[in-house]
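Enquirer: quick check, what structure comes out for this input:
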Amino acid sequence: MPDMDAVVDVSNVCWATDIEPWATLPQLARLRRLTDAWRGLYGAETRMDLVVDQSLRHKIPAGERHEYDRMCRAGELVQVPYADPVVLSMAGEEGLKVISRDKFIDLRRRYAWIEGAAQRFYDWRGERGRLSFVPSGIVPVSGQVVSRAEEDKELTRDGLRDRKDVLGFAWKCVSRCAVSQLWPDRILLWPAMDRGTGTPLCPDPNCRRPLMKAGARKPSRQIVIARRDDGTELVRFPLEAGACVEIGRGALTHGINLDGLGDQHRAAVAAVSRHHLLLALDDRLVLSARDVGSSHGTELCRWGGQALGPARRLAAGEEVRLNGPDQLVLAKVVVVRTSGRRYSPGVVYPDSGDGGGASTAFADPNQ
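Expert: Next up, the predicted model:
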């Protein structure tokens with residue numbers, strides 16, 4: 001039955017303790033039970049591509065490793081460093097069903113087709129020793145939820161949990177770079193990292209000098225500012241509890257000057273007022289916003305559960321509280337929203353030339 005050809009997330013299946021044999025360790029035997037059950041329903045010739053994380057070999061019982069190696073040599077198992085992107089790429093390109101309990105939230109941005117193809121994702125149920133298959137429950141989620149999942153996966157996979165210690169402090173650059181001129185006391189951007197030494201560096205790609213601590217950083221939320229027309233991210237920065245920041249298109253002592261983010265964006269943000277929006281974060285991490293009398297207005301879009309609702313223009317001086325996925329639109333050209341990320345910046349830092357390379361997080365403005 002070609003329309004039931006499938007790709008299997010092998011590690012996900014082997015770790016499933018509700019499939020025999022009953023054990024806490026992953027078992028290759030569970031994969032055989034699952035593939036037999038699927039083909040029992042849809043035909044012995046049904047295609048089943050088996051993709052596995054290479055780390056699984058070291059976690060299955062020693063007695064199963066010979067069979068595991070045989071399957072890899074025979075091409076029955078596709079062993080890769082990280083299975084999820086391969087599973088989704090194969091499913092997307094060839095129209096295969098996906099057998100996995102993973103909701104793939106951290107990959108929703110990269111594989112945007114997932115939420116429109118929920119009927120292609122299958123979970124399993126064990127009933128009286130037999131396996132049946134049901135939809136896995138893929139539903140739309142907000143960009144903030146995706147961002148949090150992306151960050152958690154990055155920190156785990158890349159061994160960067162020590163960034164929590166770095167990001168527990170505010171930092172300043174004592175050189176004469178653009179960042180130090182803009183924020184001489186404490187920079188509003190996350191530091192870059194020297195991956196070899198763990199040293200926090202100036203985020204200005206033309207500087208990259210080690211930073212100095214500027215005191216403990218209070219709890220904060222990341223703010224993302226992006227172009228509305230093409231989604232290009234202009235800047236993101238942490239806003240600390242008890243602090244406020246103004247967004248506009250002019251020299252702001254404690255704010256974000258959109259006119260200073262590069263010539264390529266200057267025309268796109270020209271409708272934003274010089275003093276446009278004030279953001280404030282209280283001690284409970286509730287974010288509020290107030291239009292400070294802009295010429296072309298600020299619109300609020302509330303998150304309705306699965307999508308953003310219609311835009312409502314704020315009155316001059318009106319203050320609103322923002323829930324996590326809500327968005328503000330400045331002069332119909334710039335989007336302001338919070339990120340789901342807590343620690344890592346989620347933007348690509350250009351290579352500083354020290355051989356460390358760039359950060360590999362996504363640079364999507366919905367993060």
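Enquirer: shaky segments in this protein?
Expert: 1, 155-164, 253, 343-367 (pLDDT under 70).
Enquirer: mind doing that once more with 50?
Expert: For the chain, applying pLDDT under 50 flags the ranges 159-160, 346-367.
Enquirer: can you pull out the helices in it?
Expert: Taking DSSP state H, the helices of the chain run over residues 10-14, 28-42, 65-73, 83-94, 143-157, 163-166, 178-182, 263-266.
Enquirer: highest average neighbour count across those?
Expert: For these, average neighbour numbers computed from mean count of other Cβ atoms under 10 Å are highest in helix 10-14, which has a mean of 24. The way it works is simple: take the backbone N, C-alpha and C, and place the C-beta from them, glycine included.
Enquirer: which elements pack onto that one?
Expert: helix 28-42, strand 48-53 (3 or more Cβ pairs under 8 Å, 6 or more residues apart in numbering; DSSP states H and E).
Enquirer: got TSV for the helices of the chain, with distance to His296 too?
Expert: Shown next, in TSV, are the helices of the chain (distance: least, Cβ to Cβ, whole Å):
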stretch	distance to His296
helix 10-14	49
helix 28-42	57
helix 65-73	60
helix 83-94	40
helix 143-157	25
helix 163-166	38
helix 178-182	25
helix 263-266	16
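Enquirer: which one, of those, ends up nearest to Gln327?
Expert: Closest to Gln327 of the helices of the chain, according to Cβ to Cβ: helix 143-157, at 9.3 Å.
Enquirer: can I get that closest one in PDB, CA atoms only?
Expert: What follows is the C-alpha trace of helix 143-157 in PDB, where atoms were taken according to Å, rounded to 0.1, in the frame of the first residue of the first chain:
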ATOM      1  CA  GLY A 143       6.800  31.000  17.500                       C
ATOM      2  CA  GLN A 144       7.800  31.500  21.100                       C
ATOM      3  CA  VAL A 145       7.200  27.800  21.900                       C
ATOM      4  CA  VAL A 146       9.300  26.800  18.900                       C
ATOM      5  CA  SER A 147      12.000  29.100  20.000                       C
ATOM      6  CA  ARG A 148      12.100  27.600  23.500                       C
ATOM      7  CA  ALA A 149      12.400  24.100  22.000                       C
ATOM      8  CA  GLU A 150      15.100  25.200  19.600                       C
ATOM      9  CA  GLU A 151      17.100  26.700  22.400                       C
ATOM     10  CA  ASP A 152      16.700  23.700  24.700                       C
ATOM     11  CA  LYS A 153      17.900  21.400  21.900                       C
ATOM     12  CA  GLU A 154      20.800  23.600  21.000                       C
ATOM     13  CA  LEU A 155      22.100  23.900  24.600                       C
ATOM     14  CA  THR A 156      21.800  20.200  25.100                       C
ATOM     15  CA  ARG A 157      23.300  19.100  21.800                       C
END
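Enquirer: so which elements touch it?
Expert: strand 334-338.
Enquirer: partners of the strand it packs on in the sheet?
Expert: In the sheet, strand 334-338 lines up against strand 220-227 (antiparallel), strand 327-330 (antiparallel) (DSSP bridges).
Enquirer: let me know the angle separating the longest one from helix 143-157.
Expert: Interaxial angle, strand 220-227 versus helix 143-157 (axes from the mean of the first three to the mean of the last three Cα atoms, to 10 degrees): 120 degrees.
Enquirer: what does strand 220-227 contact?
Expert: Strand 220-227 has contacts (Cβ atoms under 8 Å, 6 or more residues apart in numbering) with 232-241, 245, 247, 256, 258, 265, 268-269, 279, 281, 285, 287, 333-339, 341-342, 345-346, 365-367.
Enquirer: then stretch 72-85?
Expert: Contacts for stretch 72-85 (Cβ under 8 Å, 6+ apart): 9-11, 49-54, 57, 68, 71, 86, 102, 104, 107, 110, 157.
Enquirer: alpha carbons only: can I get it in PDB?
Expert: In PDB, the C-alpha atoms belonging to stretch 72-85 read as follows (Å, rounded to 0.1, in the frame of the first residue of the first chain):
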ATOM      1  CA  CYS A  72      23.600  -0.900   9.200                       C
ATOM      2  CA  ARG A  73      25.900  -2.800   6.800                       C
ATOM      3  CA  ALA A  74      22.900  -4.200   4.900                       C
ATOM      4  CA  GLY A  75      21.400  -0.700   4.600                       C
ATOM      5  CA  GLU A  76      18.400  -1.700   6.600                       C
ATOM      6  CA  LEU A  77      19.300   1.100   9.200                       C
ATOM      7  CA  VAL A  78      20.300   4.600   8.100                       C
ATOM      8  CA  GLN A  79      22.600   5.700  10.900                       C
ATOM      9  CA  VAL A  80      23.100   9.500  11.200                       C
ATOM     10  CA  PRO A  81      24.400  11.800  13.900                       C
ATOM     11  CA  TYR A  82      21.000  13.400  14.400                       C
ATOM     12  CA  ALA A  83      18.000  11.500  13.000                       C
ATOM     13  CA  ASP A  84      15.100  14.100  13.300                       C
ATOM     14  CA  PRO A  85      16.100  16.300  10.300                       C
END
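Enquirer: nothing else from me, thank you.
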